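# sequence first, then the predicted structure, then my questions.
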Amino acid sequence: MSVKEPMNRPYSFLVAAGAVLAQAAIAAPAASTAPAAPLDASNPFAQVSSLPFHYPAFDKIKDAHFKPAFDAGMREHLREVAGIAANKAAPTFENTIVALERSGRLLARVSTTFSNLQSANTNDALDAIDREMSPKLAAHSDAIYMNDKLWQRVKAIYDKRDSLKLDAESKHLVERYRRDFVRAGANLSAADKDKLKAYNGEIASLQSTFAQNVLKEANASALVVNTRAELAGLPDADIDAAAAEAKKRGLDGKYVIALANTTIQPQMALMTNRATRERLMAASLARGSHGGEFDSRALVLRLAKLRAEKATLLGYANYAAYSLEEETAKTPEAVNKLLGELAAPAVNNAKKEAAEIQKVIDAEKGGFKVAAQDWSFYTDKVRQAKYAFDESQLKPYFELNNVVQNGVFFAATKEFGITFKERKDLPVYDPDVRTFDVFDANGKQLAIFILDYYARPNKQGGAWMNEYVTQSALLDNHPVVANHLNIPKPAAGQPTLLTYDEVRTAFHEFGHALHGMFSNVKYPTFGGANTPRDFVEYPSQVNEMWATWPEVLANYAKHYQTGAPMPKELLDKVQASKKFNMGFVTTEYLAASLLDQRWHQITPAQVPADVLGFEAQALKEAGVDFAPVPPRYRTTYFSHSFSLGYSAGYYAYLWSEKLDADTVEWFKENGGLLRKNGDHFRQTLLSRGGSADAMDLFRNFRGRDAKIEPLLERRGLTGN
């Protein structure tokens, strides 16, 4: 199973406010009960969107609207919070916790929309706002979480929570608030609070800069070639798209291959020119570490030191210990155990796969040893020899709209009874974005779904889901969720044909969307996919199973020209090859996960001086330093670890996959793609968001704890 990119969850310290509060702080204005200066009524964020489900008015939102809306939103939120803290009435669940959940609505509107657009459709103006607002937003968070009067009210409610006769979700909310306040420094001395604010402020700024550097570096490092022959092996449509990209950059007559955010680039699977593959590999590996304005090495070292110092200040051994405390894994030791147990068998499998590739190279008298740039190209040849098919045979059967309508949507209708209707009247931020009304089995509208699948130079790499409006019964909010992929857009008039991995990614991200759509909780803190990072990937990974489920595959895998179904023999080969190349897939993921842990399990004194030297040593010590299979992300462009909120959390995909693999077995044991199975999954788990302990939700669904054997079997690790 391919590891997919994270859902882009704007993590916040006050989820109730929906603020994109990257952890940071500069001096914040003192909270005041004086009336906040209102936002000009002409600003589209001044009031709740009048569009269905409060869908954002993208046609009215301009770059210039964000900063004043942020400023007004923070002022209004601080005034609301100050009123809660200064309330002369004794603290109660309603006048403190629920009041906090209701606060910050303006800030929620602007911060959520800004964060999502800055990921999907950024520009220099939005990047500048992000750099300016990140530390201010985190200072705003600190002003709330370090408000001692507010903390004392929260603590008083927490201390008597068992006697308040709260329902389970409300009690869980009280416990969540107490935890978040403590982790944000509420118990620190005044001097230490000032230190924490300083750490937070710089961390937020650096994370913002890192994220922007990764995107800009990917564009700046794009491969430029002079002749069509150098791109031999790529489909004509892809070469035409490369020529169009070059022309757009003022390089008429040349060809430009933009870089994906992973280390191995997708074009390497098809390029017959090894010199071109080698150049593409070198450009990919060098990102952020070859000097210039987008070099990220100094940022990495400073972030690692600041995070370690912050963890120490808060009483943790290292940043990983701090980060993992609120995940289902709980401790670095638990994560190290899982990754360590899988590293050796994964690398052993990868070495066996490398030996098979080398046989093909030698048989062709290639005269070279397999290297990273050769892996995917020769893997397809090995696959063809083993299963008599290659990836290029599949693409004509995976036309984008057919995959979505007759694959992704079809499976959801069969499993949950939901249906979809495209609408053209809602404004969008890019002409390629599509919107759909989603209806529940009873015919009532459930959500609005935004689909944004094509790559753009101003779009964050990878694939993710986000929420523009998160469900909450308290606020009477209904879900508006989006999926984002980075599929290269073909030349005008050409069909969009997907790779097998892109098909699985579409199903994966829609699993996240279902998590958001099915949310049925009271409090916004728990809405949608607001769950631990090592649990949030679980429902999306489960949804991948339907991509190759025979009934679903037969419904969408049809030739884009003739409509003929994928031949059964080809379909059978797809199924038979599921464990193929799992050594590579597991090793590249483990290498990145181990790097993420290594950077965050050091003390301030252990922060190295050399990023690449530290990386090489960490991979060697973990036993995953196998050159033909580099980490899925190297440190200098590892956005998950240094800007996306997955710090010490990239292991989450594998941790979640243990739950996913066991859940797939449950579906198989219970008849597969049936409404009764989907309804059980939805009622016990998907609809609950973060309203209960994540592992309790899993047990409620499965009837027991997860077993690891299905995961080992899936990844071909049982015989090592």
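Right, received. Where do you want to start? Everything numeric here is computed off the predicted structure, so don't read it as measured data.
# shouldn't His515 be within a strand?
No: counting by DSSP: H, G, I helix; E, B strand; the rest coil, His515 falls outside a strand, being helix.
# that one contacts Gly527, doesn't it?
No: if you go by CB atoms under 8 Å, His515 and Gly527 don't touch, sitting 10.3 Å apart. Using the backbone N, CA and C atoms, a C-beta is placed for each residue, glycine as well.
# common neighbours of those two, please.
Gly689 (CB atoms under 8 Å, 6 or more residues apart in numbering).
# buried ones in stretch 325-343?
327-329, 332, 334-336, 338-339, 342-343 (16 or more other CB atoms under 10 Å).
# out of those, who's nearest His559?
Leu342 (38.6 Å; CB to CB).
# from Ala320, how far out is that closest one?
Remark: distance between Leu342 and Ala320 (CB to CB, to the nearest Å) = 18 Å.
# and what of His515?
Distance from His515 to Ala320, by CB to CB: 26 Å.
# same thing with Phe580?
33 Å.
# element containing Ala244, please.
Applying DSSP states H and E as the criterion places Ala244 in helix 236-248.
# give me the next element, helix or strand, following that helix.
Per DSSP H and E, the helix or strand that comes after helix 236-248 is strand 255-257.
# how far away from the center of its chain is the following helix or strand past that following strand?
Once the chain leaves strand 255-257, the next helix or strand it forms, by DSSP H and E, is helix 274-286. With CA atoms, centre = their mean, to the nearest Å as the basis, helix 274-286 stands 26 Å off its chain's centre.
# quick one: the helices in the stretch 601-720 of the chain?
Counting by DSSP state H, counting those that start in this stretch, one finds helices in the stretch 601-720 of the chain at the ranges 611-622, 639-642, 652-669, 675-684, 694-702, 709-714.
# which one of the ones you listed lies closest to Met146?
The nearest among those, by CB to CB, is helix 639-642 at 25.2 Å.
# do I have it right that Leu426 meets Pro56?
No: distance between Leu426 and Pro56: 9.2 Å, which falls outside the contact criterion (CB under 8 Å).
# between those two, which is the more surrounded one?
Pro56 (24 against 21; other CB atoms under 10 Å).
# which non-adjacent residue is nearest that one?
Closest residue to Pro56 apart from its sequence neighbours, by CB to CB, 6 or more residues apart in numbering: Thr113 at 5.1 Å.
# how near is that neighbour to Asp476?
Distance from Thr113 to Asp476, counting by CB to CB: 19 Å.
# give me the more crowded residue out of these two.
Thr113 (25 against 8).
# show me the contacts for the more buried one.
45, 56, 61, 468.
# can we see that at 10 Å?
Counting by CB atoms under 10 Å, 6 or more residues apart in numbering, Thr113 makes contact with 18, 20, 44-45, 49, 56-58, 61, 65-66, 69, 429, 468-469.
# then Met517?
Taking CB under 10 Å, 6+ apart as the test, what Met517 contacts is 412, 416, 418, 438, 440, 446-449, 467, 471, 478-481, 510, 528, 682, 686-687.
# any of the residues you listed buried? List them.
Buried subset of the contacts of Met517 (neighbour count, 16+ other CB under 10 Å): 412, 416, 418, 438, 446-449, 467, 471, 478-481, 510, 528, 682, 686-687.
# any weak-confidence spans in the stretch 51-200 of the chain?
Applying pLDDT under 70 to the stretch 51-200 of the chain picks out no residues at all.
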